[in-house]
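Student: Sharing a sequence plus its predicted fold:
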Amino acid sequence: MADLDDLAHWRAHIFARLLLVVFVLGLLTAVPSALLAASEGLWPIAVVDLVALAWIGLIWRWRALSYRARVAHFITVAYLVGVALLLQVGPVSQIYLMAVPVLAALLWGLRPALLMLVLAGLTVMLLGYRDNASVQLAGLPDYAFLRAAIVAVNFMFMTAVLTLSCAVLLQHLERSFARLSALNAELRLTSAAVARLNDMVLIADAAQRIIFVNHAFERRSGYPRAAVLGQPLRLLRGADTEPAALARIAAAVAARQAVRAELLNYARDGTPYWVELELVPLADAAGAVTHWVAVERDISERRRAQDEIHRLAFYDVLTGLPNRRLLMDRLATLLASSVRGGTHSAVMFVDLDRFKTINDARGHAIGDALLCGAAARLQALMRQADTVARIGGDEFVVLLGHLAPGLDSASHAALTVAEKIRAALAEEMLLDGQAYRCTASIGVTMLPRAGAPAHSAHDLLREADTAMYRAKSHGRNGIAFYEDAMQAALERRLTLERDLAAALAAGALQLHVQAQVDGGGRAVGGELLLRWPQADGSQVAPSVFIPLAEESGLIVALGAWALRQACAAVLQLQAAGLALPLSVNVSPRQFRQPDFVDQVRQALADSGAPAQLLVLEVTEGLLIDRLDDTIARMHQLAALGLRFSIDDFGTGYASLAYLKKMPLYELKIDRSFIVDAPDDASSGALVQSMLAMAARLGLRVVAEGVETQAQADFLIGHGCPCLQGYLYARPQPLAALMAQLKAGGGVLPAGGAAAVLP
């Protein structure tokens, strides 16, 4: 298709229409004119009309001819008709010749038009000079040539005015078309580029009614162009679009200024998507806004990434609860608002009791499900303004804001909520077809506290944590409110932990030995016991610093040191001719170290101590967790020559069915069974059962805590092969024990240590 800004196209279009019009008008006028002329005997005129009409019809139908040939025929027809009529009718027919240059200007251009003008003028002049009598005009000289020339000049003048007007107009129009063609090409390029942009483009009128959208808009929104034309620009906004962004856009539109914003739009099917909008006004020369251009870029992926980053930064991945970072922000805000408002709030530290046991025994999937269930129960109990956060592991924190103006009322409200939490978490939870019960220890601190120093969010969290540990130490599944005395106890504990680490590093700890004897008082072994002497001559009790070492992780280093000391003690006894087996305690945490077997092997290799003289004492608590791994590791150590003893037997969780799978050497009956054995029938029966079972399994038995002769007689009478207690010997340095054994010939008489009972 020819370009609409091409003048040749328009000339061809006009010529086609002109031919049709001339032919139709010819039929309407030339045929009657020919008939009339024939009736009057003017046969030349009739012939000219009919021939001209036929010729025009032929040109109209003969479209195989080129444009210029058809125009040449058409102008020739006009010229010949004009000449014929001029000859037959007279000067009045000059109007037909006037049309020739005008048509040439319109259909060909300026130069052909000028040639036709000259031809028409010469024709008028020559025919006027030839037919002298036909030109009789008053006032003209009576010279035929002069009269003809004057008529021709006037004819050419008027014809030239019309011809040049048409020609010049068309020349300027052609130049305009050339410029328009360039602009159209640029416009087409721009339109194609806008249509194919990935960004969505909308153009609206001054009233913000849509008049254009590109393909990207149609693809993303799902709206076809026809459905949105005439609709307002706010077509895609939904209920959840941010009011602040809309207000900013409205203000910019009112001020007729450009604006940039992020909006939530909705596709035709209701799907939301985020766009970055840039709305720009277009003004005319007078400064009036005529259009608005909106360019929208789909930023849904970016917003999703931002939301995901925000979620990872401020929320727990597993439960979806706020994490420590967001909790601290909210806690700081709650503290400030509570101080300003004069109301009291509460911080609760919630720790799930024995969660690790369930998690290790049933796997992380069950553990995670349990945490999610606990989180859901906590959230269900909270008000909308409260916060439940998970800060790690099985630890949750609850913020109860603005409970009451008075501290007593607020504390009572906090206790009520804490009891609801404790009861809710203690209910059975069905996971993977099995019921689980997990209680919680809850610590509570109130804020602000009158007379207390300025608190920070970290201080409040620490106080609630301290209170939680108090609840846990009192038997778990309880609630404790923070008191200043708790902080003092915690400070003492931290000081003790630091001092223990320093004592271990400085070699200030000691190993004492408590002898084990047979029924005749002869020493048959010993147990190594840790002691921590102080500079003032006092000692820190093992019942104080051993649990501290367990909780702090120092027990691993402490156990490794004790193992090497045991190897050295065995060698000293062997060198003194007293080859007694020595027992050394191994904590579950130390035993489960991945390299524990290698540590023992290296200690034996470095010291040269005989492995068969070392007995590793483990508690029944070691047997309840990862039993198969524990038994496998015990066999690895037994292969080195080491022997095992179960300490405090009967007080833990060991299943008797597992005893035969372990490479055991001895059982140690806990002193709680020995104390009442002589007089209490139940205790005596239990001790007898343990002795009988051990005999059946071929295990050596050591009765701990023997302090009276009655206890010793009862045990000896029932076949207990080994006794250990203050009745025979107290824990003492190895050198003292060696001297005592040498002096007594290896025998420790009963009652020898009675005077030094603590």
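Tutor: Structure's in. What do you need?

Student: Helix, strand, or coil at H455?
Tutor: When classified by DSSP: H, G, I helix; E, B strand; the rest coil, H455 comes out as coil.

Student: how many other residues sit next to it?
Tutor: H455: 18 surrounding residues under other CB atoms under 10 Å. C-betas here are computed from N, CA, C, even on glycine.

Student: Also the one 10 residues further on?
Tutor: By the criterion of other CB under 10 Å, D465 has 19 neighbours.

Student: Return the residues in contact with the closest residue in space to it that isn't next to it in sequence.
Tutor: Counting by CB to CB, 6 or more residues apart in numbering, F349 is the residue found nearest to D465 once chain neighbours are left out, at 4.9 Å. Counting by CB atoms under 8 Å, 6 or more residues apart in numbering, F349 makes contact with 395-397, 442-444, 461, 464-465, 467-468.

Student: Sheet-wise, list the partners of the one helix or strand F349 maps to with their directions.
Tutor: Assigning secondary structure by DSSP states H and E places F349 in strand 344-352. Pairing partners of strand 344-352, with direction, according to DSSP bridges: strand 395-404 (antiparallel), strand 440-447 (antiparallel).

Student: C-alpha coordinates for the last one, PDB please?
Tutor: The C-alpha atoms that make up strand 440-447 are tabulated as PDB, following Å, rounded to 0.1, in the frame of the first residue of the first chain:
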ATOM      1  CA  ALA A 440       7.600 -25.400  79.700                       C
ATOM      2  CA  SER A 441       9.500 -23.400  82.200                       C
ATOM      3  CA  ILE A 442       8.600 -19.700  82.100                       C
ATOM      4  CA  GLY A 443      10.500 -16.800  83.500                       C
ATOM      5  CA  VAL A 444       8.800 -13.400  83.900                       C
ATOM      6  CA  THR A 445      10.100  -9.900  84.400                       C
ATOM      7  CA  MET A 446       8.000  -6.800  84.800                       C
ATOM      8  CA  LEU A 447       8.800  -3.300  83.300                       C
END
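
Student: Can you give the distance of the very next helix or strand once past that strand from its chain's centre?
Tutor: Following strand 440-447 in sequence order, the next helix or strand is helix 457-473 (DSSP H and E). Put simply, helix 457-473 sits 32 Å off its chain's centre (CA atoms, centre = their mean, to the nearest Å).

Student: now the angle from helix 457-473 to strand 440-447?
Tutor: 140 degrees (axes from the mean of the first three to the mean of the last three CA atoms, to 10 degrees).

Student: Which residues belonging to helix 457-473 are considered buried?
Tutor: By 16 or more other CB atoms under 10 Å, the buried positions in helix 457-473 come out as 457, 459-472.

Student: Ok, stretch 382-389 next?
Tutor: For stretch 382-389, a neighbour-count test (16+ other CB under 10 Å) marks 386-389 as buried.

Student: How about stretch 735-752?
Tutor: 737-738, 740-741, 746-748, 750, 752.

Student: pLDDT (mean, whole number) over it?
Tutor: The pLDDT scores in stretch 735-752 average 84.

Student: repeat for stretch 253-261
Tutor: In the prediction, stretch 253-261 has an average pLDDT of 89.

Student: Give me the distance from it to the chain's centre.
Tutor: Relative to its chain's centre, stretch 253-261 lies at 32 Å (CA atoms, centre = their mean).

Student: Great, nothing more from me.
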